[in-house]
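K.L.:
Need coordinates for the following:
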Amino acid sequence: MIGEINLFIILAAALIGAGSPGPSNLAIAGTSMNGGRRFGVALALGITTGSWIWSIAAAFGLGAVMLANAWAFEVLRYFGACYLLFLAYKSARSAMTAEVSKSNYSVASTLPASYAKGLALHLTNPKAIFFFGSLFSIGVPVGSSAMDLAIVICAVGIQSSLIFVGYALLFSSPAMVAGYTKLRRWFEGVFAVAFALAGLKVLTARMS
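P.N.:
Numbering: from 1, shown residues only. Modelled structure (predicted):
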């Protein structure tokens, strides 16, 4: 307990949000299995950076400002939906290709590009704004000190980093890679459907 802030509840909510299946974790899993550990970790670090950015923005009230400007939020929403649908297309194309060729993978060609892909994926996810906005509005009382906010931001950020990088390490393990190699087209098909559903959900959602 930091003042009136219940750090345990905040971290529990953040654990569920970061650890539950979603576009970010699916991207980490797919990249780690078909691109290797380095690319998976690079993408996970990009997603982690996006998580830190939204967390800091929410702590300073920027999330509420953005939500108040509907046009900016709508632009972000449509851009995020289109990006998810693009990832769905890339995975579907890989699933329909019998030959295993790196050009068919939805993995970026370089480590910086993989990092940028993860960052873009998280920054264009409208749900992240709601998640962090709710986390700070409910779990952090008005008038909390800058030190309290910094502790919450760091605690949530470190926990999210461990989760996302942990996913990359888990899915780049030899057993996972071997399973992916045997069932590549099935994996890519699942990723394609999941990304498409996530994109359509964001595209058709009515957020208020």
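K.L.:
Leu85 against Phe195, yeah?
P.N.:
Yes. Counting by Cβ atoms under 8 Å, Leu85 sits close enough to Phe195 to count as a contact (7.2 Å). Every residue, glycine included, has its C-beta placed from N, CA and C.
K.L.:
So between those two, which is more surrounded?
P.N.:
Just comparing Leu85 and Phe195: by other Cβ atoms under 10 Å the higher neighbour count belongs to Phe195, 26 against 17.
K.L.:
ok, the residue nearest the centre of the chain - contacts?
P.N.:
Nearest to the mean C-alpha position of the chain, counting by Cα atoms, centre = their mean, stands Ser24 at 3.2 Å. Contact partners of Ser24, counting by Cβ atoms under 8 Å, 6 or more residues apart in numbering, are Ile47, Gly118, Leu121, His122, Asn125, Phe164.
K.L.:
Helices along the protein, start to end?
P.N.:
Taking DSSP state H as the criterion, the chain carries its helices at 7-19, 23-35, 37-59, 62-68, 70-95, 111-123, 126-139, 146-171, 174-182, 184-204.
K.L.:
Could you say which of these is packed most deeply?
P.N.:
helix 23-35 (a mean of 25; mean count of other Cβ atoms under 10 Å).
K.L.:
how about the CA coordinates for it, as PDB?
P.N.:
Below are the C-alpha coordinates for helix 23-35, written out as PDB (Å, rounded to 0.1, in the frame of the first residue of the first chain):
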ATOM      1  CA  PRO A  23      -2.800  -9.400 -30.600                       C
ATOM      2  CA  SER A  24       0.400  -8.500 -28.900                       C
ATOM      3  CA  ASN A  25       1.000 -11.900 -27.300                       C
ATOM      4  CA  LEU A  26       0.000 -13.600 -30.500                       C
ATOM      5  CA  ALA A  27       2.500 -11.500 -32.500                       C
ATOM      6  CA  ILE A  28       5.200 -12.400 -29.900                       C
ATOM      7  CA  ALA A  29       4.400 -16.100 -30.200                       C
ATOM      8  CA  GLY A  30       4.300 -16.200 -33.900                       C
ATOM      9  CA  THR A  31       7.500 -14.100 -34.300                       C
ATOM     10  CA  SER A  32       9.400 -16.200 -31.800                       C
ATOM     11  CA  MET A  33       8.500 -19.500 -33.300                       C
ATOM     12  CA  ASN A  34       9.100 -18.700 -36.900                       C
ATOM     13  CA  GLY A  35      11.800 -15.900 -36.600                       C
END
